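Undergrad: I'll drop the sequence and a predicted model, then ask my questions.
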Amino acid sequence: MSRRMLLLALALAGLTLLLGSCSKEHEDLLTVLEGPVPKITLAQRLDPESVQLEWTVPNAGGVDEYRLYVGLYVNLGYAVLDSMAFWQATSEPELLYEDPGLAYVDPVLCEQAGLCDSLYVYTYFCVSAVRGGEESLLSPPAFITP
Amino acid sequence: MQARRLIPLLLLLTLPVAALAEGYQRAPISRESALLRSAFIPGLGQIEQGRTGRGALWAGGAAALVGGTFFAHMEYHSAAKDMENAEASYRRAVAGGQGIAAHAQLLEMKRLAPIADDRYDLRRNLEIGLALWWAGNLVDTWLFGGPADSAAAGDGAALPGHLTPVLQRGAAGLAWTIAF
């Protein structure tokens, strides 16, 4: 092979490597959105202090545990408070959430007080699935239904 | 002041080349030589072979494809950067215990992902088009240009320093501009 042909082959190999590296970069970018994410299907108030939660996740077989997060969203009109914290881990796709504090964040209370035009207080729940030590993205927040 | 000192130097450098170009007869060029030139600058091999129109077509097409690919790359880069920022905001919101804000960022990521994907596809298609154009240019240089035998062709060494006619014309133009 002549020196010129070798140069040509080297240029071609360099171009192929460059295109290959771009492809890898793009795959990495979208990886974060891949993988099954749980979805809360039920967040029903059973009584003022307890909520029944159920969720599903695609390919539930490989899930080691689910992590339940509880959040409080308060909109005062001029300020918003959004605070969420890990509550507990479970291996089942359902949980009975019991909390005496729930009685104080019932939307009915705000209606009764006539404050719903300017004050919104909600409790919400999110779930993530852990597989092989990797935690999935959080499920969309689920608000309590009466 | 320095520019004035440079003018005689430039004249000294370019005028001999321009003088050579005046009496230049295109030397036959081997296919191998033309192929190598076309590999680095599409169309240059054809121009060297005396097929200026076709060379200009290959060069113009390649330039358009390179420009388009670069534009598509910049668009993709912008979408990818937005996506990375949304992901970083999502992680920050989760770490800061802001579930609603995290969800908003997740929705933003889902909105941006197909945009980034589309732009990536556009760039990839342009890259493939450019590669095909480049390969077609090589095939054209090899199949439809000059003599096959490098020794018989003289390998384009009619002038010292292997200066191409294109460079010579450029040098002549520069010399005339400076002289004027």
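TA: Perfect, thanks for sending it.

Undergrad: Of all the residues in chain B, which one is nearest chain A?
TA: residue B:99 (3.6 Å; CB to the nearest CB). From N, CA and C alone the C-beta is placed, and that goes for glycine too.

Undergrad: For that residue, report the pLDDT, please.
TA: As predicted, residue B:99 sits at a pLDDT of 90.

Undergrad: who's the closest residue to it other than its chain neighbours bridged to?
TA: Distances taken as CB to CB, 6 or more residues apart in numbering or on different chains place residue A:84 nearest to residue B:99, at 3.6 Å, with adjacent residues excluded. Beta-bridge partners for residue A:84, by DSSP bridges, are residue A:71.

Undergrad: In this structure residue A:84 contacts residue A:126, no?
TA: Yes - with contact defined as CB atoms under 8 Å, residue A:84 reaches residue A:126; the gap is 6.8 Å.

Undergrad: Quickly list what's touching both of those two.
TA: A:69, A:71, B:99 (CB atoms under 8 Å, 6 or more residues apart in numbering or on different chains).

Undergrad: so what's residue A:90 scoring on pLDDT?
TA: At residue A:90, pLDDT is 91.

Undergrad: and it, what are its phi and psi?
TA: Dihedral angles phi and psi of residue A:90 (degrees, to the nearest 10) take the values phi -150, psi 160.

Undergrad: roughly how far apart are it and residue B:43?
TA: When CB to CB, to the nearest Å is the yardstick, residue A:90 and residue B:43 sit 67 Å from each other.

Undergrad: So between these two, which is more surrounded?
TA: It is residue B:43, of residue A:90 and residue B:43, that has more neighbours when counted by other CB atoms under 10 Å in any protein chain shown, with 24 against 14.

Undergrad: The more buried one touches residue B:53, doesn't it?
TA: No - if you go by CB under 8 Å, residue B:43 and residue B:53 don't touch, sitting 10.0 Å apart.

Undergrad: give the contact list for the residue in chain A that chain B sits nearest to.
TA: Chain B sits closest to residue A:84 of chain A, with a gap of 3.6 Å, by CB to the nearest CB. Contacts for residue A:84 (CB under 8 Å, 6+ apart) come out as A:69-72, A:124, A:126, B:97-100, B:102.

Undergrad: now with 6 Å?
TA: By CB atoms under 6 Å, 6 or more residues apart in numbering or on different chains, the contact list for residue A:84 reads A:69, A:71, B:97, B:99.

Undergrad: And those residues, which two are furthest apart?
TA: A:69 and B:97 (8.3 Å; CB to CB).

Undergrad: Between these two, point out the one with more neighbours.
TA: Comparing residue A:69 with residue B:97 by other CB under 10 Å, the one with more neighbours is residue A:69, at 21 against 16.

Undergrad: mind listing what's buried in the strand or helix carrying that one?
TA: According to DSSP states H and E, residue A:69 maps onto strand A:65-75. Across strand A:65-75, burial judged by 16 or more other CB atoms under 10 Å in any protein chain shown covers A:66-73.

Undergrad: I'd like to know the phi and psi angles of residue A:39, please.
TA: phi -140, psi 130.

Undergrad: Find the nearest non-adjacent residue to it, please.
TA: residue A:139 (5.3 Å).

Undergrad: interface residues of chain B facing chain A?
TA: For chain B, the residues in contact with chain A (CB under 6 Å from any CB of the partner chain) are B:32, B:36, B:39, B:80, B:83, B:87, B:97-101, B:103, B:113, B:120.

Undergrad: farthest pair in those residues?
TA: So, those by CB to CB: farthest apart are B:32 and B:97, at 67.6 Å.

Undergrad: Surely residue A:127 forms part of a strand?
TA: Yes - assessed by DSSP: H, G, I helix; E, B strand; the rest coil, residue A:127 belongs to a strand.

Undergrad: Next up, the contacts around it.
TA: A:38, A:40, A:55, A:66, A:68, A:139.

Undergrad: If we look just around chain B, which residues of chain A are in range?
TA: A:4, A:8, A:26, A:29-30, A:32-33, A:71, A:73, A:82-85, A:126, A:140-141.

Undergrad: Filter these down to the buried ones, ChimeraX style.
TA: To isolate the buried members of the residues of chain A next to chain B in ChimeraX, using 16+ other CB under 10 Å:
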select /A:4,8,26,29,30,32,71,73,82,84,126,140,141
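
Undergrad: State the distance from the residue of chain A closest to chain B to residue B:68.
TA: 45 Å.

Undergrad: Please identify which of the contacts of residue A:84 is nearest to residue B:60.
TA: Taking the contacts of residue A:84 together and measuring to residue B:60 by CB to CB, the closest member is residue B:99, at 55.0 Å.

Undergrad: how about the nearest residue to residue A:100 once chain neighbours are set aside, what does it touch?
TA: Closest residue in space to residue A:100, ignoring its immediate chain neighbours: residue A:49 at 5.3 Å, by CB to CB, 6+ apart. By CB under 6 Å, 6+ apart, residue A:49 lies in contact with A:98, A:100, A:102-103.
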